[in-house]
Structure formats: structure tokens, C-alpha cells
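Visitor: Sequence first, predicted model second:
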Amino acid sequence: MKEKRVAIGEIKVEGGDDVLAAYGVGSCVVVVLHDMEKHIGGLAHCLLPDDDTGSLKTPRGAITTVVERMVTMGARTEHITAKVIGGSKMFEEFERHAIGYRNVVQARKVLENFNIPIVTEDVFGNWGRSIFFDIQSGEVRVTSFRHGEKIL
């Protein structure tokens, strides 16, 4: 099992027994996509709610690209499920921009457009998280200094 880090504004799509990890997720939204039958998974670490470029920094660009790559690897869209994590309000002075909230709302909208069900979420709050996605089992481990560990 090999851990592969996914930085802000990046995506990774893998098969087999890799673990995809995103560290220090605050107002970003992380979308984990998984085809359990084929053991193909992707993780998108999105920074901004939207833009006009289809950038991987946004849910629209990132989720679209992850789904396309998963299908290229043999996943079937009707077998893909999603887990959504993040979207915290990290700094009070940025609250009026509601970046974290808007990131989550946009991710939900893009997933709905793809007819990909969200099977679980760990969103909002005011703390950071780190995410570890085991592609083989589909397990997502979320850790935070403030709230310990939870399995999604």
C-alpha cells in the first residue's frame, strides 16, 4: 500500500491498493470518488467554488476530470459514489466570502449533475482535517487535532 499525496488544486486517480491523502484541509473541499466493483478511485482537492476555466482548483473542473479518468481506467459512472469532506470556516475575517460553504455547495451541485450519489459527508465546522482514502476498501479516514479520527 502506497500513500500518494494530493495537494491543493490537484487530483489523483488510481486503482488497486493505493491510499490517496490530503493534508491540512480547511476551507477547501475534498471529493472522494470510488467505484467499489473495479477498485478505482479518485480524490479532488478543490480550492475555489468556481471559475470560467474548468480549473482543477474548482469542483466543476476537478470532478469532471476525475470521472473522465476513472471511466478511462474502466470504472462505470453508475457504480461511482462520492464522499465530501471539508468546507470549514477557518478565519472569521473571511466569513463574508463563505468560501468553504460555497465549495461544498458547488461540489454537491456538480455531483448531482453527474448523478453520482453522496454516500457520506464530513463538512463545515471551523477546524482543519486530513483525509486518507484507501482505494481497495473504499474507507476514508478523517483526522483532526480537535476531533480525533473518524471513518467514513
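Guide: The structure has been received and is ready for your questions.

Visitor: where along the chain do the strands fall?
Guide: Taking DSSP state E as the criterion, the chain carries its strands at 3-5, 11-15, 19-25, 29-35, 40-46, 80-86, 118-123, 129-134, 140-144, 148-151.

Visitor: quick one: which of these is nearest Val66?
Guide: Minimum separation from Val66 across the strands of the chain (Cβ to Cβ) falls at strand 40-46, 3.7 Å. In this view, the C-beta of every residue, glycine as well, is placed from N, C-alpha and C.

Visitor: Output that closest one as PDB, nothing but the C-alphas.
Guide: Extracted as PDB, the C-alpha positions of strand 40-46 are listed here (Å, rounded to 0.1, in the frame of the first residue of the first chain):
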ATOM      1  CA  ILE A  40     -10.800   2.600  -8.900                       C
ATOM      2  CA  GLY A  41     -10.800   5.800  -7.000                       C
ATOM      3  CA  GLY A  42     -10.100   9.500  -7.300                       C
ATOM      4  CA  LEU A  43      -9.600  12.400  -5.000                       C
ATOM      5  CA  ALA A  44     -10.100  16.000  -5.900                       C
ATOM      6  CA  HIS A  45      -8.700  18.800  -3.500                       C
ATOM      7  CA  CYS A  46     -10.600  21.900  -4.600                       C
END
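
Visitor: on contacts alone, who are the packing partners of it?
Guide: For strand 40-46, the packing partners by 3 or more Cβ pairs under 8 Å, 6 or more residues apart in numbering; DSSP states H and E come out as strand 11-15, strand 19-25, strand 29-35, helix 59-72, strand 129-134.

Visitor: Mind checking the pLDDT average for the second one?
Guide: Read it as strand 19-25. Within the predicted structure, the mean pLDDT of strand 19-25 is 97.
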